[in-house]
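S.K.: prediction below, plus the sequence it came from.
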Amino acid sequence: MLLAIDTSAGTSVAVVDRAAGILAEHSSDDTRRHAEVIGDLISACLTDSGVAVGDLSGVVAGMGPGPFTGLRVGIAAARAFAVGAGKIVVPVVSHDALAFGQDGPLLVATDARRREVYWTTYSGTDAAGLPVRTHGPALAKATDLEQTVQNFTNYRLLEARTVSAGALGMLAETLYANRRPFATDEPLYLRSPDVTLSAGPKRVTA
């Protein structure tokens, strides 16, 4: 069983089991309150599923793409929970969870703010039912998406406000069952954070 967490768009948490499926899932599509709701969602999923922390085999972290501020909340929560519980962290690309279980050529798009979108294309699924990524994740102006994505009209567009942690967790279970690699540990921010630290100490004048 896995605890899955994704904050690449809204905030979503789930407890999943490879055989039994999604045991509990709670989500919020508020893109500015990740830190405020993440703890309550984790607690609610563990309570509703009736799964003890010790029975979990790992924690799935959605690695984006997503805005810096929101995405890092979920990844930090997953890593902190895993350390406290003595479990492993399983990184998974968030867009792959949106494409999981979908048929045919697919274009996944999520809000990147600043009138931009994160996008990824998929040709379909393989024999194991896993999404086959053909391009991305990448970043584009929302108004330029049709011109940016080659052969745009060949894809079915899937726009999402929240990435289902249930789908994320079941994707991780399917990857593991088929001995496929997980994502890397590097978050897919795709651009610099809105706020950066200054290069040196601030000068103080009288």
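M.R.: The structure has been received and is ready for your questions. Residues are numbered from 1 along each chain as shown.

S.K.: how far does the helix ranked longest in the chain sit from the chain's center?
M.R.: The helix that spans the most residues within the chain, counting by DSSP state H, is helix 68-85. From the chain centre to the centre of helix 68-85 is a distance of 12 Å (CA atoms, centre = their mean, to the nearest Å).

S.K.: list the buried residues for that helix?
M.R.: Within helix 68-85, the residues that qualify as buried by neighbour count (16 or more other CB atoms under 10 Å) are 68-79, 81-82. (C-beta placed from N, C-alpha, C; glycine too.)

S.K.: ranges for the helices of the chain?
M.R.: 34-49, 68-85, 94-99, 145-148, 165-177.

S.K.: can I get those in TSV including distance to T134 and mean pLDDT?
M.R.: Converted to TSV, the helices of the chain look like this (distance: least, CB to CB, whole Å; pLDDT from 0 to 100):
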stretch	distance to T134	mean pLDDT
helix 34-49	30	97
helix 68-85	23	97
helix 94-99	11	98
helix 145-148	14	96
helix 165-177	17	98
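
S.K.: among the ones you listed, which is nearest G129?
M.R.: For those, proximity to G129 was assessed by CB to CB; helix 165-177 is nearest, at 6.4 Å.

S.K.: surely Q102 touches T125?
M.R.: Yes - Q102 lies in contact with T125 (CB atoms under 8 Å); the separation is 7.5 Å.

S.K.: where does this structure have low pLDDT?
M.R.: For the chain, residues meeting the criterion pLDDT under 70 lie at 192-206.

S.K.: what segments of it are strands?
M.R.: Secondary structure of the chain (DSSP state E): strands located at 2-6, 11-17, 21-28, 58-62, 88-92, 106-113, 116-125, 131-141, 156-160.

S.K.: okay if I get those as JSON lines plus mean neighbour count?
M.R.: Supplementary listing: the strands of the chain in JSON lines, determined by neighbours: other CB atoms under 10 Å:
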{"stretch": "strand 2-6", "mean neighbour count": "31"}
{"stretch": "strand 11-17", "mean neighbour count": "27"}
{"stretch": "strand 21-28", "mean neighbour count": "18"}
{"stretch": "strand 58-62", "mean neighbour count": "28"}
{"stretch": "strand 88-92", "mean neighbour count": "20"}
{"stretch": "strand 106-113", "mean neighbour count": "22"}
{"stretch": "strand 116-125", "mean neighbour count": "21"}
{"stretch": "strand 131-141", "mean neighbour count": "17"}
{"stretch": "strand 156-160", "mean neighbour count": "15"}
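
S.K.: out of those strands, nearest to R179?
M.R.: strand 88-92 (13.7 Å).

S.K.: how distant is that closest one from the center of its chain?
M.R.: For strand 88-92, the distance to the chain centre is 11 Å (CA atoms, centre = their mean).
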